[in-house]
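Chemist: heads up, no residue letters with this:
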């Protein structure tokens, strides 16, 4: 649906939906232009469907490990491949869709590319499904060289898998480049990266989401080009039979994979930066600290992946130390700026706790917890014990569930805005509170089994645990049960999210009399509708 | 005072150099040719063997409790077989690891060879050790082993002899752990192989000038790395870092540039996209 919108570079439309936006608005030069086609609703439906399917596969994996499905053990590794690849990709595209939506009121992305991104992702996922479900490709989501070329699966399934990644990578690369182009149409590079804040200037006001998305898209190009090089080298070996340097391939694979999943979180954060102020009744402005922290991400996130190669003795030792330092440094923008920033935004604010804002807050909390797990694992002396134990899936599943919360929250937020509902009049209803409680309970139990398993040295990627690791079987069984609880709550939550788009949907309770209106400047709030 | 301090520094440097030299001695590197590299970790088929003492045993029984060194010969060879076996015998005696760290199998590929020929070969070499075995195998079984280990031979009708290579393969738990192909450098390389079979970690590097179109050529004599044709056409020798076995130094290689390629691409793309500046406000 094409819409008309008015675009300024002012506090009013930079920080719509918030108190004081109108008052802070200087004179603006207005232009009228068509807004970008919104594909958020399509992404929501695709993401929800894929999430449920892929989560079911994950539960199957834990049940196989828990010895509940002994007849399906041969499916463990294909399921692991599909679940891992699917969830990583799903998380990325959903976060990308949210970030694109968040930027719609600031920049104008290409409608054709938006549709192309949807179509390319669907084709890529279809190829992935064929490769795994028909060809039983089972090299894991890392597809670490040379395993894809030497497995027990047919060669065509490996080729299909690589083709799937090629389609997805090319699609996302074009999508990312278009986002950069859209930002470049509106802002200069120093402004888009917030460098003027470093000089002490406060104008033009740049939304934090723009800075985060610009940084993320630049890094994303690095990651995706690394993925392209990796795939080219795979094809090169397939065609010529000449081997490729394994250390190089591992470096490239993790430069691609590790960076991509990090960016998924950053993009989801961009959406939170965009939406959370609407519930806090305060703007979440960019400033010097925000600019420094997110610009530092440009460098840090590219070096953090070295922690995946701690066990590769041929990797020069210097890079291992760089990996540890970068992994620690990566937590600075997260912990200090974003999480404390969010806490300050909420503290003493006329906060409206709706399903969206609670999910945002839970997501940020999950990010903090997962981040601590990641920092522990990236410490070399700890990694010696934790490497390839269940601690690793523990921390990234914490991230993933945090991502689920943020993305589901943003879909809900978009739904309520699309339904023209006054966000100030909403709050968490009793039914939604029950769903949220079960969601948190299921997630905590599910994640605790991973963390406990890791702490007790249960290795990851074991389809069946030997007698010496029998405790791993018990953890897996409990994890399967908790995950089932989480999934049921997640499905109910997603139904609420879908229902939020209905204009007649009645959600939440009545606003108490005399409660302050957190969403000021209604004209600005709906400037992009 | 300054003199004393200078002496201390000098002594420390000498000690450091000695320690480095000792370290290098304790941790040798070995060059691995492409032919040898291809064999590494390859599974050796388990086939029945007819030993010189008349027993028939599976090949796998010979590597059950210790690594197995496998070589090929034929009894009537006028060429390298006997000298090569004698050389192995001498090297093994010098190493003193036979029976304790490994056993040896000399497997005949001669079509006419019999169990009796195996006994006579052992006697001719003066070998009487239960861990040094001579054996023949049925044609089909032999063909499987020869194919797995890429042992090359060809009958020469003019002489009734075989053209063939010299090969010594170390097998551990049914897989090739190290291989020596051809005769060059055996005297220096066998002790290193024996140390590896004792469980020591031996670093290895690719023999220079064997791979066409490398990006960089390494000269192990001078320790120099020079640009090769591969740099122009980007062939397979992409490594992040090159290891110089002579100096022990690690240097940046073409692979790192590939690793840097995504970053350079992203920078170029970003500056390209933002070059024109904002078109609308």
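Modeler: Good, I have the coordinates. In this text the structure is predicted, and so the values were computed from the model without any measurement.

Chemist: for the rest of this, base every contact and every neighbour count on C-alpha atoms.
Modeler: Fine.

Chemist: residues near the nearest residue to residue A:365 once chain neighbours are set aside, how many?
Modeler: Nearest residue to residue A:365 in three dimensions, chain neighbours excluded: residue A:402, at 7.5 Å (Cα to Cα, 6 or more residues apart in numbering or on different chains). Close neighbours of residue A:402, defined as other Cα atoms under 10 Å in any protein chain shown, add up to 27.

Chemist: tell me which element residue A:402 falls in.
Modeler: Secondary structure assignment for residue A:402, by DSSP states H and E: helix A:391-418.

Chemist: ok, then the element right after that helix?
Modeler: As assigned by DSSP H and E, the chain's next helix or strand after helix A:391-418 is helix A:430-455.

Chemist: quick one: mean pLDDT for the helix holding residue A:402?
Modeler: Averaged across helix A:391-418, the pLDDT comes to 94.

Chemist: pLDDT weak spots in the chain?
Modeler: I went with chain A, as the question did not name one. For chain A, the stretches with pLDDT under 70 are A:1-37, A:333-335, A:503-529.

Chemist: the intended chain is chain B.
Modeler: B:1-30, B:183-184, B:203-246, B:248, B:253-259, B:280-281.

Chemist: for stretch B:127-134, give me every contacting residue.
Modeler: B:51-52, B:89, B:98-99, B:102-108, B:118-119, B:121-122 (Cα atoms under 8 Å, 6 or more residues apart in numbering or on different chains).

Chemist: filter the residues you listed down to the buried ones, ChimeraX style.
Modeler: ChimeraX command restricting the contacts of stretch B:127-134 to the buried ones, with burial defined by 16 or more other Cα atoms under 10 Å in any protein chain shown:
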select /B:51,52,89,98,102,103,104,105,106,107,108,118,119,121,122
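
Chemist: thinking again about what came up before, give the buried residues for the helix holding residue A:402.
Modeler: Buried residues in helix A:391-418 (16+ other Cα under 10 Å): A:391-417.

Chemist: what do you get for stretch A:303-313?
Modeler: Buried residues in stretch A:303-313, defined by neighbour count with 16+ other Cα under 10 Å: A:303, A:304, A:305, A:306, A:307, A:308, A:309, A:310.

Chemist: what sits up against it?
Modeler: Contact with stretch A:303-313 is made by A:251, A:254-255, A:258-259, A:315, A:319-320, A:322-327, A:330, A:378, A:380, A:383, as judged by Cα under 8 Å, 6+ apart.

Chemist: ramachandran angles for the one residue in the stretch 51-200 of chain B that gets nearest to chain A?
Modeler: Residue of the stretch 51-200 of chain B nearest chain A, by Cα to the nearest Cα: residue B:200 (15.5 Å). The phi/psi pair for residue B:200 (degrees, to the nearest 10) reads phi -80, psi 150.

Chemist: for it, give its distance to residue B:170.
Modeler: Per Cα to Cα, to the nearest Å, residue B:200 is found 14 Å from residue B:170.

Chemist: between the two, who's got more neighbours?
Modeler: Taking other Cα under 10 Å, residue B:200 and residue B:170 do not tie; residue B:170 has more neighbours (25 against 13).

Chemist: the longest helix in chain A is where?
Modeler: helix A:246-280 (DSSP state H).

Chemist: show me what from the stretch 251-400 of chain A comes close to chain B.
Modeler: Counting by Cα under 8 Å from any Cα of the partner chain, the residues of the stretch 251-400 of chain A close to chain B are A:251, A:252, A:316.

Chemist: among these, who's most crowded?
Modeler: The most crowded member of these, judged by other Cα under 10 Å, is residue A:252 (28 neighbours).

Chemist: nearest residue to it other than its sequence neighbours?
Modeler: Spatial nearest neighbour of residue A:252, excluding adjacent residues (Cα to Cα, 6+ apart): residue A:226 at 5.7 Å.
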